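J.: Sharing a model that was predicted from the sequence below.
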Amino acid sequence: IRPTQEMWAAILKTCNEKNDSKRAVFWLKRIGSILRADGSGVANINSEVLLSAITAFARLKNLKAIEQCIARLESVTMANLQAVHYQHIITAYMEANALEQALGWHARMHEKGFRMDEDYGVS
């Protein structure tokens with residue numbers, strides 16, 4: 001049985017909640033292998049899986065992987081990122097101690113008209 005993207009998102013979310021980066025990386029590699037093997041490619045991955053991947057890579061401080069996931073996320077959303085996407089990206093960069101990138105994304109978010117409140121909620 002081939003797992004659905006919803007199942008992958010749930011698996012990655014659980015790994016992130018348990019702060020289990022090793023298992024998250026295992027699943028990220030597995031997901032990539034499955035998508036490449038069936039010809040659909042990682043470009044077809046959904047935004048929920050990508051957001052979970054961004055969190056996992058942030059914990060590993062893997063900025064290149066974060067950037068690749070963001071590029072795919074922009075592709076999946078047709079460059080129409082929503083407030084929740086910006087919040088997730090900014091939080092991930094902060095977690096990875098990449099404050100310059102976090103500030104850059106914060107500025108982009110403001111350019112799109114979104115605002116973060118004091119406890120990082122986005123409106």
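T.: Okay, I see it.
J.: how near is G104 to V84?
T.: Per C-beta to C-beta, to the nearest Å, G104 is found 18 Å from V84. From N, CA and C alone the C-beta is placed, and that goes for glycine too.
J.: same question, G113
T.: Distance from G113 to V84, by C-beta to C-beta: 14 Å.
J.: Compare these two and say which is more crowded by neighbours.
T.: Shown here are G113 and V84; by other C-beta atoms under 10 Å, V84 has more neighbours (12 against 8).
J.: buried set for the host helix or strand of R23?
T.: Under the criterion DSSP states H and E, the helix or strand holding R23 is helix 21-37. Neighbour-count burial for helix 21-37, counted by 16 or more other C-beta atoms under 10 Å, picks out S21, A24, V25, W27, L28, I31, L35.
J.: ok, so what distance separates the last one from K61?
T.: What it means is L35. Remark: distance between L35 and K61 (C-beta to C-beta) = 25 Å.
J.: Equivalent analysis for I90, please.
T.: For I90 relative to K61 (C-beta to C-beta), the value is 16 Å.
J.: Residue ranges in this structure under the pLDDT threshold?
T.: Filtered on pLDDT under 70, the chain yields the residue ranges 1-2, 38-44, 117-123.
J.: For the protein, which segments count as strands?
T.: Along the chain, no stretch is classed among the strands by DSSP state E.
J.: Between I90 and K61, which is the more surrounded one?
T.: More neighbours surround I90 than the other of I90 and K61, with 21 against 13 (other C-beta under 10 Å).
J.: Contact partners for the more buried one?
T.: A102, W105, H106, M109, M116, Y120 (C-beta atoms under 8 Å, 6 or more residues apart in numbering).
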